[in-house]
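Peer 1: Turn this into a structure:
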Amino acid sequence: MAAMLRVLGWVFGLIGVALLAVDLFETRGGAVRAVGEWWFRLHRDSLQVAQPAIERHVAPWLWGDVIQPFLELPAAPVALALAAVFLLLGRRR
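Peer 2: Residues are numbered from 1 along each chain as shown. Predicted coordinates:
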């Protein structure tokens, strides 16, 4: 289990560094893109289906109060934070 958490940590770390590099090169050192913007760029159809599906079949408040604010967070720091969490959880004791 710990090994899997470490692997996930390294994967999210690489994703975070890649997102940061792409953002910095494409915007010439400007702002980093949000999680939702990356999701839209990678697979817009699933993003457009997710909102009504969650609002109708799970909980209407979940999209506006939890998921939407998460999608507005900068993607690179989110991925790097997830990497840190997984690496800490998977550390050898």
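
Peer 1: May I see the buried residues of stretch 48-56?
Peer 2: Going by neighbour count (16 or more other Cβ atoms under 10 Å), the buried part of stretch 48-56 is I54. In short, each C-beta sits where N, CA and C put it, glycine included.

Peer 1: Check stretch 81-90 too.
Peer 2: Neighbour counts using 16+ other Cβ under 10 Å place L82, A83, F86, L87, G90 of stretch 81-90 among the buried residues.

Peer 1: who touches the closest residue to the first one other than its chain neighbours in this structure?
Peer 2: In this case it means L82. Nearest residue to L82 in three dimensions, chain neighbours excluded: F12, at 4.4 Å (Cβ to Cβ, 6 or more residues apart in numbering). F12 makes contact with A79, L80, L82, A83, F86, according to Cβ atoms under 8 Å, 6 or more residues apart in numbering.

Peer 1: 6 Å instead, please
Peer 2: For F12, the contact set (Cβ atoms under 6 Å, 6 or more residues apart in numbering) comprises A79, L82, A83.

Peer 1: Could you pull up the mean pLDDT of the lengthiest helix in the chain?
Peer 2: In the chain, taking DSSP state H as the definition, the longest helix is helix 2-26. Helix 2-26 carries an average pLDDT of 94.

Peer 1: Could I get the buried residue list for that helix?
Peer 2: Residues of helix 2-26 classed as buried: L5, R6, L8, G9, F12, G13, I15, G16, L19, L20, D23 (neighbour count, 16+ other Cβ under 10 Å).

Peer 1: what's the neighbour count on L62?
Peer 2: L62 is flanked by 12 other residues according to other Cβ atoms under 10 Å.

Peer 1: which residues touch it?
Peer 2: I54.

Peer 1: Confirm it sits in a strand?
Peer 2: No - going by DSSP: H, G, I helix; E, B strand; the rest coil, the assignment for L62 is helix, not a strand.
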